[in-house]
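**Q** pasted the sequence and its predicted model underneath.
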Amino acid sequence: MDRRVAVPSAPVAAALTQLAVLVLGSAGYGFHRDELYFRMLPPAWGYLDQPPLAPLLARVLDAVVDEPWSLRLPASLATAAAVLLVAAITAELGGGRRAQAFAAWGAAFAGLPLVLGHVLLTSALDLPLTLAMVLAGLRALRGEPRWWLVVGAVSGAAVWNRWLVVVPLAGLATGVLLLGPRDSLRTRWPWLGALVALGVAAPQVVYQVTNGWPQLTMGQALSAANAADTRAALPLILVAAIGILLVPVWLWGVVHVARVPEARWLLVAVGSILTLTWVSGAQPHYPVPMLLVLWAAGCVPLASWTARHGYARVVAGVLAANAVVSVVLALPVIPLDVVGRTPVPDVNPLVGDQVGWPRYVEQVARVWDDVLDPDAVVLTSNYGEAGAVDRFGPMLGLPSAYSGHNALGDLGPPPDTTETAVVVGAQYPELAPLFARCEVRALLDNGVGVDSEEQGVPVAVCRGPRRPWADLWPSVRHLD
């Protein structure tokens, strides 16, 4: 097979082009709700809903420049690195320069990776970490057993971002045992790699053990909240994640990896992540990194076919068309005052999560100004609202918000002396009975007609908590 040690120029060009597009697009619309959440979390070894890497990056960059484009630099760089790794996986599976070019340009402007790479999400950081684990595994099974140490190091580092890497890693181990090649398992290197993984991941393992495995608790909460929607969306994700025009290529990749002895384990890894996504119902985008692996594999026979039949320009045209659709759906190319009248927010829910936060906080501040209680607090329904108050509220005279959502619930309730709360968001119907009286004063409106979790939710003034806040707090806390 034609293995390439050096990365050809096409993957580098694709990665740099994608990086430029992501950086330019990072200034559009506004903060994503997860970014607002990450930047306000206090330093910790871990959180109820996630490991510490993404919040750490957000805090560091927020201290330099507190703007969306700054926070999104790690996601942009991670997604560009994923492009180079996709090309390297293609080379590892026998693809020459043409195959690597197809793989890189297709991955650079694939639909869901571009969506996820546009904002600082744990999923964006997952892309290169999972792909690097796959690449190292392929090399380890090709007679370079020291690469098992890289598998271990990357896998251990990945759990500092998200524990999802355990699933394809288990697929690697199970797939090799079932489908081979098993020779490398008879050496010391896989076991040394496992020790490296445990060593790097040890602080995260300790955090989970000493805190009652909150990752499992969070997974159960996501499943309870999202299972039906996730299962309904999974077939659409499989079609649209890379791009509907490119589905035949990654399906071709399934056939190709089945023919490569050192890569057959990928069938088990892909099957494992699809099974987890369906059974857990947690998040529908979990399979995206492994779909990129299948895309990389499919580009090997695609390149050979075009070399024989001369359709390289047709493939390039398809990639260009897919790129245009992906950019329109993923990045803020449609003006903010127009996007709400298009299908884009329905196709890409991350759009709604980036719109309206300063305006929402202004509306909360107007209600706050009429309260006339110096000891009042702001109580939000979710971490996006709390993060928005934290970012935009100080200049409007708002205090930091309290919230029972996910890790913010661990920060504790308001003081028991608090008699008045400005309650924000969809949790209001559940929170109102906790007070003697409540009055809705406003409904949030982003002013541009973009549907979102915040659009139309109430802002209410509630007075007279019926019990001490410490006793009320379990009723306020929620995971999703």
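**A** Nice, thanks for sending it over.
**Q** how many neighbours does the nearest residue to L291 once chain neighbours are set aside have?
**A** Nearest residue to L291, sequence neighbours excluded (Cβ to Cβ, 6 or more residues apart in numbering): A241, at 5.2 Å. Bear in mind the C-beta positions are built from the backbone N, C-alpha and C, glycine included. If you count neighbours by other Cβ atoms under 10 Å, A241 ends up with 24.
**Q** try P43
**A** Residues near P43, counting by other Cβ under 10 Å: 8.
**Q** what's it sitting at in phi/psi?
**A** phi -60, psi 140 (degrees, to the nearest 10).
**Q** these two touch, right, G25 and H118?
**A** Yes. Between G25 and H118 a contact is recorded at 6.2 Å, counting by Cβ atoms under 8 Å.
**Q** overlap in contacts, the two.
**A** A330, L331 (Cβ atoms under 8 Å, 6 or more residues apart in numbering).
**Q** would you confirm that the residue nearest to L291 contacts L112?
**A** Yes. With contacts counted by Cβ under 8 Å, A241 reaches L112, the gap being 4.2 Å.
**Q** and L135, which of the three is it?
**A** helix (DSSP: H, G, I helix; E, B strand; the rest coil).
**Q** domain assignment for this protein?
**A** 9-339, 356-476 (automatic domain parsing).
**Q** for the shortest one, measure first residue to last.
**A** Yep, that's domain 356-476 we're talking about. Domain 356-476 has an end-to-end distance of 25 Å (criterion: Cα to Cα, to the nearest Å).
**Q** equivalent analysis for the first one, please.
**A** The first and final residues of domain 9-339 sit 36 Å from each other (Cα to Cα).
**Q** joint contacts of A241 and L112?
**A** By Cβ under 8 Å, 6+ apart, the residues touching both A241 and L112 are H285, V288.
**Q** quick one: the helices in the stretch 301-450 of the chain?
**A** Counting by DSSP state H, counting those that start in this stretch, the segments of the stretch 301-450 of the chain that form helices are 312-330, 336-339, 344-347, 357-369, 383-392, 428-431.
**Q** please identify the most buried of the ones you listed.
**A** Most buried of the helices of the stretch 301-450 of the chain, by mean neighbour count (mean count of other Cβ atoms under 10 Å): helix 383-392, with a mean of 26.
**Q** can you give me the helices for the stretch 51-200 of the chain?
**A** Under DSSP H, counting those that start in this stretch, the stretch 51-200 of the chain gives helices at 53-64, 68-71, 73-92, 97-108, 111-117, 122-140, 147-158, 166-179, 189-210.
**Q** can you redo the ones you listed as CSV with mean pLDDT and distance to A421?
**A** Shown next, in CSV, are these (pLDDT from 0 to 100; distance: least, Cβ to Cβ, whole Å):
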stretch, mean pLDDT, distance to A421
helix 53-64, 94, 26
helix 68-71, 93, 29
helix 73-92, 96, 35
helix 97-108, 96, 47
helix 111-117, 91, 35
helix 122-140, 95, 31
helix 147-158, 96, 40
helix 166-179, 91, 40
helix 189-210, 95, 32
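**Q** could you redo these as TSV and give each row mean neighbour count and distance to G412?
**A** Formatted as TSV, the helices of the stretch 51-200 of the chain follow (neighbours: other Cβ atoms under 10 Å; distance: least, Cβ to Cβ, whole Å):
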stretch	mean neighbour count	distance to G412
helix 53-64	18	18
helix 68-71	20	26
helix 73-92	26	30
helix 97-108	27	44
helix 111-117	26	32
helix 122-140	25	25
helix 147-158	23	31
helix 166-179	19	31
helix 189-210	16	19
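**Q** quick check: buried residues in stretch 443-454?
**A** Residues L444, N446, V448, V450, S452, E453, E454 are the ones in stretch 443-454 that count as buried (16 or more other Cβ atoms under 10 Å).
**Q** farthest-apart pair in these, please.
**A** V448 and E453 (15.2 Å; Cβ to Cβ).
**Q** could you find the closest non-adjacent residue to Q354?
**A** Here the residue nearest Q354, using Cβ to Cβ, 6+ apart, is Y29, at 4.1 Å.
**Q** show me what contacts S184?
**A** A140, L141, P145, W148, V176, P190.
**Q** in JSON lines: those, plus distance to M290.
**A** As requested, those are exported to JSON lines (distance: Cβ to Cβ, whole Å):
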{"residue": "A140", "distance to M290": "18"}
{"residue": "L141", "distance to M290": "17"}
{"residue": "P145", "distance to M290": "23"}
{"residue": "W148", "distance to M290": "20"}
{"residue": "V176", "distance to M290": "16"}
{"residue": "P190", "distance to M290": "21"}
